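**Q** please find the sequence and the predicted model below.
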Amino acid sequence: MNSNTLDFNKNEDVMRQALSQLRTRFDKIALGGGKKAIEKQKEKNKLTPRERIAYLIDEGSSFIELGAFAGYEMYEDQGGCPAGGTVGGIGYVSGRQCIIVANDQTVKAGAWFPITGKKNLRLQEIAMENHLPVVYLVDSAGVFLPMQDEIFPDKEHFGRIFRNNARMSALGITQIAAVMGPCVAGGAYLPIMSDETLMVEGNGSIFLAGPYLVKAAIGEDIDAETLGGAITHTEMSGIADYRFKTEQECLDQVKKIMSRLGAPTASPFDRIAPKAPAKSAEDLYGIFPADATKPYDMTNIIECIVDNGSFEQFKEDYGKTILCGYARIEGWAVGVVANQRKVVKSRKGEMQMGGVIYNDSADKAARFIMNCNQKKIPLVFLQDVTGFMVGSRSEHAGIIKDGAKLVNAVANSVVPKITIIVGNSYGAGNYAMCGKAYDPRFIYAWPTARIAVMGGEQAAKTLLQIQVGALKAKGQEIDPAEEKKLLDEIKGRYDRQTSPYYAAARLWVDAIIDPADTRRVIAEGLHAASQNPIIEDFKTGVFQV
């Protein structure tokens, strides 16, 4: 698309407005529990979690924050839980890529909400899948008691964190815990199950039961520092390995520890010298349509992301509603699987709707994914899909069989998968194009993403028909004005649930990103994936041909 056209300029304006809204919402989240809570931190000579991370990571390096919108507009009756009460992501410490997890003490004293547990488990999952070292910056009061039943006892709840500590240790993944505030009750196991434990005098404390509970349980009067402070645990219990006067000194020691780690095993994935893309990253703003129903050529999106001249299509003239091809991103070899959103002509001369998966496109994509697994080439999925084609012709041609073949290939894929949801992500198309349920190493969404069983308009009309039918069955009539009001209410509610913010709040995606950052986050994901050289044998099991 020409950057001087009216459509390009209109698209760019809409995207920039969406990015402005994204930044405004993030800035509010970055305040954590608010300015007053931050001031209280400062009075104790404590940094905020983002300040700690900024000090820890290498100067000039990037930090990709994951789960910033976790808990967004959730728990409003409890005062909210910005970023899930934890700041985490991928950064570089002493030149080594790692996962950093920092409790936010300004949010309910760093207490764990259900979404906090889910976010921490996701960060640990990323560390385990990619064999990345983990740095925990601990400052938490433990489980949020009013919601203990939703965070404490189940398989994917709080206790799973410590199970993962043990598993990562067995896998040889380095874990470092810097205790900069309270570390209470079950949470006390996290630093002790890490490889090395550092504590800050005066603020850091570790104990199974705090002074109030000790008093209630056994009648003993004791202060927090004597019970479980840095001096106690470095001189008496031997639980902690180092203690420091300031947080900065503590973080400097973390840097020293990281600088001594052995080099990761050589990557099994191919990489050469990178080339800049053929098109500017910011061209994405104008290329992607403001109207989610409007067609566009996905190859233009791809050319803004991959190395110049590297994209080579696989079966270009077959199954045209999915683009498959080999490419390079920052020099890394990748296989790209992307929904083609423009209207295309099939091999039989029929016009096919863009963004819809047809029999031939499902067949092609499944074969391509198998090829990439055979060659040990990581996969990048670019989602803008409205689902599989429906109707008698598709059903009779076996669309379910071909769709199942694609889902089978995605599910059994053993090479790293990275998913970017640029637009629609509806129905089984979400699954076939490697949605969250199919274990992508990383999954990101543009502000234009929409995730649901079906589009808002179709869903609202379907739900309206059901409700109107139920009323008529009771002998009630509904006038057109009331019917329209009901339709608008249903659509409004449904549209809120399809928003990328709704998805990010529940960690269906790892982050909402600026489209211009797409190439960078994919490249960082590929670098992370390269740290784990173990690739299983690819097996698809049984499927219908």
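**A** Good, I have the coordinates. Residues are numbered from 1 along each chain as shown.

**Q** pLDDT value on residue 456, please?
**A** Residue 456 is assigned a pLDDT of 68 by the prediction.

**Q** state which helix of this structure is the longest.
**A** helix 6-29 (DSSP state H).

**Q** flag every buried residue along that helix.
**A** 7-8, 11-12, 14-15, 18-19, 22, 25, 29 (16 or more other Cβ atoms under 10 Å). All C-beta spots, glycine's among them, are computed from the backbone N, C-alpha and C.

**Q** quick check: buried residues in the next helix or strand after it?
**A** Going down the chain from helix 6-29, the next helix or strand is helix 35-43, by DSSP states H and E. Buried residues in helix 35-43, counted by 16+ other Cβ under 10 Å: 37-38, 41.

**Q** re the thing from before, how about JSON lines for the buried residues of helix 6-29, with pLDDT and distance to residue 210 added?
**A** Shown next, in JSON lines, are the buried residues of helix 6-29 (pLDDT from 0 to 100; distance: Cβ to Cβ, whole Å):
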{"residue": "7", "pLDDT": "92", "distance to residue 210": "61"}
{"residue": "8", "pLDDT": "94", "distance to residue 210": "60"}
{"residue": "11", "pLDDT": "96", "distance to residue 210": "55"}
{"residue": "12", "pLDDT": "96", "distance to residue 210": "54"}
{"residue": "14", "pLDDT": "97", "distance to residue 210": "51"}
{"residue": "15", "pLDDT": "97", "distance to residue 210": "49"}
{"residue": "18", "pLDDT": "97", "distance to residue 210": "45"}
{"residue": "19", "pLDDT": "98", "distance to residue 210": "44"}
{"residue": "22", "pLDDT": "98", "distance to residue 210": "39"}
{"residue": "25", "pLDDT": "97", "distance to residue 210": "35"}
{"residue": "29", "pLDDT": "97", "distance to residue 210": "29"}
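
**Q** make TSV out of those residues and add distance to residue 496.
**A** Output for the buried residues of helix 6-29, formatted as TSV (distance: Cβ to Cβ, whole Å):
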residue	distance to residue 496
7	28
8	29
11	24
12	26
14	19
15	21
18	16
19	20
22	16
25	14
29	18
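
**Q** closest to residue 199 among those residues?
**A** Nearest to residue 199 out of the buried residues of helix 6-29 is residue 29 (Cβ to Cβ; 28.6 Å).

**Q** who are the contact partners of the closest one?
**A** The neighbours of residue 29, taking Cβ atoms under 8 Å, 6 or more residues apart in numbering as the test, are 68-69, 72, 82-83.

**Q** how many neighbours does the closest residue to residue 517 other than its chain neighbours have?
**A** Distances taken as Cβ to Cβ, 6 or more residues apart in numbering put residue 281 closest to residue 517, at 7.7 Å, once the chain neighbours are dropped. Neighbour count for residue 281, taken as other Cβ atoms under 10 Å: 17.

**Q** then residue 280?
**A** A count of nearby residues for residue 280, using other Cβ under 10 Å, gives 13.

**Q** tell me the secondary structure for it?
**A** Using DSSP: H, G, I helix; E, B strand; the rest coil, the structure places residue 280 in coil.

**Q** where in this protein is pLDDT low?
**A** Residue ranges of the chain with pLDDT under 70: 1-2, 456, 544-545.

**Q** still on that earlier bit, which two among the buried residues of helix 6-29 are spaced furthest apart?
**A** Between all members of the buried residues of helix 6-29, the farthest pair (by Cβ to Cβ) comes out as 7 and 29, at 33.0 Å.

**Q** could the buried residues of helix 35-43 go into CSV alongside distance to residue 90?
**A** Shown next, in CSV, are the buried residues of helix 35-43 (distance: Cβ to Cβ, whole Å):
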residue, distance to residue 90
37, 26
38, 25
41, 25
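
**Q** what about residue 256, neighbour count?
**A** Residue 256 has 9 nearby residues by other Cβ under 10 Å.

**Q** list the contacts for it?
**A** Contact partners of residue 256, counting by Cβ under 8 Å, 6+ apart, are residue 94.

**Q** ok so it is a strand residue?
**A** No: counting by three-state DSSP, one finds residue 256 to be helix, located in no strand.

**Q** state the distance from it to residue 193.
**A** Distance from residue 256 to residue 193, counting by Cβ to Cβ, to the nearest Å: 21 Å.
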